[in-house]
Structure formats: C-alpha cells, structure tokens
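Asker: based on what follows, work out the 3D shape:
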Amino acid sequence: MASISRPITEFCLDLYKECNRNAEGTNIVFSPMSISIALALVELGAKHSSASQIKKVLHLREDTGRMSLGSAESTAPETKVEQSQERQPYFSPCSTDGGTHHEAFHELLLRLQNLDKRYILNLANNLFVQQEFELQQRYLMCAKELYRAILQRVDFQNALETAREKINSWVESQTQGKIKELFAPGVIDSHAVLVLVNVIYFKASWEHKFEEKNTKERAFRLNQNESKPVQMMYQKGKFKIGYIEEIGAQILELPYVLKTLSMFILLPEDMADGSTNGLEQIERSMTYEKLVLWTSSEYMSEGTVEVYLPRFKLEGSFDLNTFLQAMGMTDVFLESKADLSAMSFSKTLFLSKFVHKTYVEVNEEGTVAAGATGAVIVRRSLPLTEVFLADHPFMFFIRHNPTGIILFFGKLCLP
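Answerer: Numbering: from 1, shown residues only. So this is what the prediction gives:
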C-alpha cells in the first residue's frame with residue numbers, strides 16, 4: 001500500500017524548485033498539502049490527458065493501488081504492522097476505478113478535521129464558475145463529499161467586480177481575517193470561466209512556549225554584507241536536534257502542543273567565507289528520501305538546546321498557473337485542450353486561474369498560518385548544551401507527525 005505522504009512531499013519539492021528559480025534572497029511559503037488537495041479536486045473532474053498530467057505533477061502513478069496516509073517514522077511505504085493499524089478504507093458512490101488517491105485525500109481531510117481542540121486548522125477549496133455553465137451533478141456531489149468543496153456560480157462577464165468581491169469576502173472569512181484581498185482589481189478578467197481558490201488557516205501553540213521577557217533585539221544577517229534588527233525569541237530546553245554532515249546544517253524540531261504537529265528548521269552553517277548562503281546546498285540536496293531520513297528519530301536526538309528564533313510573519317501569494325504549466329500540467333489551462341467533461345457538460349470549460357495564498361506567523365505562543373537512500377548523516381556528540389542560533393536565512397516546514405504530511409513549506413530570508 002503506497003503512502004500519500006510521499007507524492008505530497010515530492011510535489012512539494014518540485015513546486016519549491018519552480019518558485020525558487022528567481023527567488024534568491026526572497027521569502028517563500030506555501031502549503032503543498034493544501035495545493036495537492038485542490039489539484040486532486042480538479043483531477044476528479046478531468047479526463048484523458050488533462051487528468052493524466054495532473055496525476056503526473058502530483059506524483060500519482062496511473063496504476064497506483066489503494067493508498068494509505070503514511071507514517072513519518074519510516075521510509076518504507078508499507079509494513080504488515082502499519083496495514084493492521086490503518087483505518088478501514090473509504091468507499092462511496094464517488095470512488096473511482098484506479099482513483100483511490102481521492103479516498104486517501106478524503107481520509108487525510110477527516111484526520112485533520114479531528115485534531116485536538118487546541119489546534120485550529122481550516123482548509124477550504126472553492127470553485128467559482130461562470131454562471132451559465134451546466135455542471136455534472138455527480139461531480140458536485142463528489143466534490144462536496146470527498147473534498148468538502150462547494151461550487152459557486154458567479155458572473156465574471158457581466159458583474160466582474162461583484163464576483164471579485166464575493167471571492168475575496170469568502171477568503172477573508174475562511175482565514176479569520178488574515179487574508180483580506182486575495183484578488184486585487186484587474187487580476188481576474190471578464191474572460192474567466194473557472195477560478196479555483198484554495199486557502200488554509202492554521203493556529204497552534206508550542207509545546208514549550210517562548211517567554212516574551214526573553215525576546216530581545218538582535219541582528220539577522222541577510223547576506224555577507226547586510227543585516228537587519230529583529231525580535232529574537234529565546235528559550236533553553238529539551239529538543240530534538242541533529243546535524244547533517246553532507247549539507248553542513250543543523251536541524252531542529254519544535255513541537256506544537258501534544259506533538260501532533262511540529263515545525264522543523266533546517267539551518268545552514270556559516271560558510272567558510274563568512275557568508276550565509278548555505279541554503280543553496282540544502283536546496284540542491286533535498287529529496288523525499290533525504291527529508292524523511294533527516295527528520296527521523298534515528299538521526300535526531302534529544303538534548304538541551306538554547307534556541308534563538310526570530311519572530312516572523314510571512315505571506316505567500318502565488319498565481320500557480322505558470323508554475324504548474326512548467327511542471328507539465330498544461331492542457332487544463334487551455335480552452336482548446338482542456339477536458340473537464342467529468343465536471344461540466346460544456347466542452348469549452350478550462351481552468352482560468354489557480355491562486356494559492358498562505359499566511360504564517362511565528363511568535364512566542366506558537367504559530368498562526370493561513371494557505372537517495374544512503375545519505376551520509378553524522379550524529380555528532382552533542383555538548384551539554386547545543387546552541388541553535390537562527391540569525392541568518394533558513395528553511396522550515398510544518399509536518400503532521402502521525403502521517404508525515406507536510407502542511408507548510410518555505411524559507412525565511414528577510415524577516
């Protein structure tokens with residue numbers, strides 16, 4: 001049984017590389033899980049090459065069998081023990097031949113809906129469709145049943161501003177006011193037919209909170225020649241930490257309450273020339289296997305750590321059309337080639353815009369967020385107290401530990 005955490009992570013790394021092509025020194029943040037679910041929602045209504053291209057971008061093999069949510073503690077896709085502990089497979093009239101990834105995504109949404117009440121996680125997808133398009137009732141039913149998505153009719157052609165305001169209002173309500181204007185005037189035009197909007201809002205407290213009295217102003221080194229003052233949080237406590245020899249980086253796990261989710265931070269060492277651009281080495285080395293390996297309990301050990309971490313707020317806003325087309329998903333964006341016949345009877349329906357926006361805030365309380373095997377890793381002998389000083393650019397991601405699913409992924413270059 002294949003784990004869905006692998007395709008989500010592989011898609012995450014592909015998308016990061018596309019976003020990062022011209023983003024040196026720039027912050028990046030997005031939700032690979034959220035975008036994957038939104039793409040699967042489109043694939044549910046697609047056929048032929050439109051569907052095949054989406055599956056390929058999502059690393060979902062055409063012959064994939066039944067999928068599980070996966071486990072963060074093992075690189076192996078399945079074991080007899082894991083199988084025996086899985087929930088019963090999801091079956092419904094919406095189950096599709098060979099399309100069992102939809103069931104896995106559905107199970108993932110159910111799991112994330114049932115987090116402890118100390119977590120707030122709201123993930124929402126909406127398809128805004130030009131009003132005269134007739135939609136397939138089966139698609140409407142399955143989009144709602146599998147993905148909690150509701151299609152809304154708008155009039156882009158005759159009431160464009162009203163449609164834009166309706167979309168923005170929905171986004172603001174879903175993110176508790178954190179994302180106020182997803183679409184600025186002029187971003188959507190009157191030729192729009194189908195606009196997929198995908199948002200995620202996350203809020204959780206650290207298992208061990210930073211005390212505000214320990215937050216001090218310190219310099220964050222942007223590069224070899226520049227720095228800026230930031231509010232640097234501090235605490236000393238027991239944390240899992242590791243050192244990855246091949247990329248010259250520390251890795252730290254900061255768990256949220258109950259340790260159901262954690263933030264992992266990959267912090268490159270200062271380069272020999274005193275520069276801080278070690279992120280490039282991490283980015284070149286990242287694969288699914290290595291990311292699992294670097295974060296496994298086998299390669300991280302608990303010790304006393306002095307943690308210095310800046311407060312930061314990040315907003316990631318992406319028109320994903322360009323990135324997804326570069327990754328091989330082209331047909332669905334072209335009126336002449338798109339096949340969304342499982343979604344609509346119209347042969348002219350195509351995906352006009354795919355927009356994703358994420359908001360992440362890290363402070364003393366916790367986080368608010370809205371949107372090859374065989375690697376050489378050396379576990380160093382930790383001193384009595386290890387220092388983790390995040391005073392230069394680093395990468396981070398937030399993981400759902402029981403499944404290994406990455407909810408958020410990004411880099412902080414400019415706090």
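Asker: point out where the stretch 51-200 of the chain drops to low pLDDT.
Answerer: Counting by pLDDT under 70, the stretch 51-200 of the chain shows low-confidence ranges at 62-93, 95-99.
Asker: could you break this structure into its assigned domains?
Answerer: 2-200+314-361, 205-312+365-412 (automatic domain parsing).
Asker: got the end-to-end distance for the last one?
Answerer: Looking back up the chat, that one is domain 205-312+365-412. For domain 205-312+365-412, the first-to-last residue distance is 20 Å (C-alpha to C-alpha, to the nearest Å).
Asker: returning to that earlier point: output the domains of the chain in JSON lines; the columns should cover mean neighbour count.
Answerer: Glycine gets a C-beta too; all of them are placed from N, C-alpha and C. Formatted as JSON lines, those follow (neighbours: other C-beta atoms under 10 Å):
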{"stretch": "domain 2-200+314-361", "mean neighbour count": "18"}
{"stretch": "domain 205-312+365-412", "mean neighbour count": "18"}
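Asker: what helix or strand does residue 280 sit in?
Answerer: Assigned by DSSP states H and E, residue 280 belongs to helix 279-285.
Asker: tell me the helices and strands packed up against that helix.
Answerer: Packing partners of helix 279-285 (3 or more C-beta pairs under 8 Å, 6 or more residues apart in numbering; DSSP states H and E): strand 261-268, strand 394-400.
Asker: from the contact counts, what lies against the last one?
Answerer: Meaning strand 394-400. Contact partners of strand 394-400 among helices and strands, from 3+ C-beta pairs under 8 Å, 6+ apart: strand 261-268, helix 279-285, strand 405-412.
Asker: including distance to residue 224 and mean pLDDT, could those go into a markdown table?
Answerer: Output for these, formatted as a markdown table (distance: least, C-beta to C-beta, whole Å; pLDDT from 0 to 100):
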| stretch | distance to residue 224 | mean pLDDT |
| --- | --- | --- |
| strand 261-268 | 13 | 95 |
| helix 279-285 | 13 | 89 |
| strand 405-412 | 17 | 94 |
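Asker: note down every partner strand of the lengthiest strand in the chain and its orientation.
Answerer: Ranked by residue count, the top strand of the chain under DSSP state E comes out as strand 227-244. According to DSSP bridges, strand 227-244 has the following sheet partners: strand 216-221 (antiparallel), strand 249-255 (antiparallel), strand 301-310 (antiparallel).
Asker: what does the second one contact?
Answerer: Outside of strand 249-255, the residues that reach it under the criterion C-beta atoms under 8 Å, 6 or more residues apart in numbering are 206-208, 239-244, 261-269, 278, 281-282, 294-295, 300, 305, 307, 309, 388.
Asker: check the first one too.
Answerer: Around strand 216-221, the neighbours that count as contacts under C-beta under 8 Å, 6+ apart are 227-232, 234, 276, 308, 310, 391-392, 415.
Asker: just those now: which is nearest residue 159?
Answerer: Here the nearest of the contacts of strand 216-221 to residue 159, counting by C-beta to C-beta, is residue 415; it sits at 40.9 Å.
Asker: residues contacting the closest one?
Answerer: Counting by C-beta under 8 Å, 6+ apart, the residues that residue 415 touches are 220, 228, 230, 310-312.
Asker: for the helices and strands packed on strand 394-400, give me JSON lines that also has distance to residue 126.
Answerer: Output for the helices and strands packed on strand 394-400, formatted as JSON lines (distance: least, C-beta to C-beta, whole Å):
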{"stretch": "strand 261-268", "distance to residue 126": "25"}
{"stretch": "helix 279-285", "distance to residue 126": "33"}
{"stretch": "strand 405-412", "distance to residue 126": "19"}
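Asker: quick one: which of these is nearest residue 151?
Answerer: strand 405-412 (24.9 Å).
Asker: helices or strands up against the closest one?
Answerer: helix 5-19, strand 28-30, helix 32-44, strand 194-205, strand 312-319, strand 353-362, strand 394-400.
Asker: how far off centre is that strand?
Answerer: 5 Å (C-alpha atoms, centre = their mean, to the nearest Å).
Asker: what are the contacting residues of that strand?
Answerer: Taking C-beta under 8 Å, 6+ apart as the rule, strand 405-412 contacts 4-5, 8-9, 12, 16, 20, 27-34, 69-70, 108, 121, 200, 202, 261, 279, 310, 312, 314, 316, 358, 360, 369, 371, 393-400.
Asker: go on, stretch 157-167?
Answerer: Counting by C-beta under 8 Å, 6+ apart, 126, 128, 130, 152, 154-156, 182-183, 185, 187-190, 195, 197 sit against stretch 157-167.
Asker: at 6 Å instead, please
Answerer: Stretch 157-167 is contacted by residues 128, 154, 156, 183, 188, 190, 197 when judged by C-beta atoms under 6 Å, 6 or more residues apart in numbering.
Asker: any idea which helix or strand carries the residue lying closest to the fourth one once chain neighbours are set aside?
Answerer: With sequence-adjacent residues excluded and distances taken as C-beta to C-beta, 6 or more residues apart in numbering, residue 183 is closest to residue 164, at 5.2 Å. Under the criterion of DSSP H and E, residue 164 resides in helix 160-174.
Asker: chain center to that helix: distance?
Answerer: Counting by C-alpha atoms, centre = their mean, helix 160-174 comes out at 23 Å from the chain centroid.
Asker: residue 316 contacts residue 30, correct?
Answerer: Yes. Using C-beta atoms under 6 Å, residue 316 is in contact with residue 30, at 4.9 Å.
Asker: between those two, what contacts are shared?
Answerer: Counting by C-beta under 6 Å, 6+ apart, the residues touching both residue 316 and residue 30 are residue 358.
Asker: columns distance to residue 43 and pLDDT on top of the contacts of strand 216-221, output as JSON lines?
Answerer: Formatted as JSON lines, these follow (distance: C-beta to C-beta, whole Å; pLDDT from 0 to 100):
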{"residue": "227", "distance to residue 43": "45", "pLDDT": "93"}
{"residue": "228", "distance to residue 43": "43", "pLDDT": "94"}
{"residue": "229", "distance to residue 43": "46", "pLDDT": "96"}
{"residue": "230", "distance to residue 43": "41", "pLDDT": "95"}
{"residue": "231", "distance to residue 43": "43", "pLDDT": "94"}
{"residue": "232", "distance to residue 43": "44", "pLDDT": "94"}
{"residue": "234", "distance to residue 43": "46", "pLDDT": "95"}
{"residue": "276", "distance to residue 43": "40", "pLDDT": "50"}
{"residue": "308", "distance to residue 43": "43", "pLDDT": "96"}
{"residue": "310", "distance to residue 43": "39", "pLDDT": "94"}
{"residue": "391", "distance to residue 43": "43", "pLDDT": "94"}
{"residue": "392", "distance to residue 43": "40", "pLDDT": "94"}
{"residue": "415", "distance to residue 43": "37", "pLDDT": "87"}
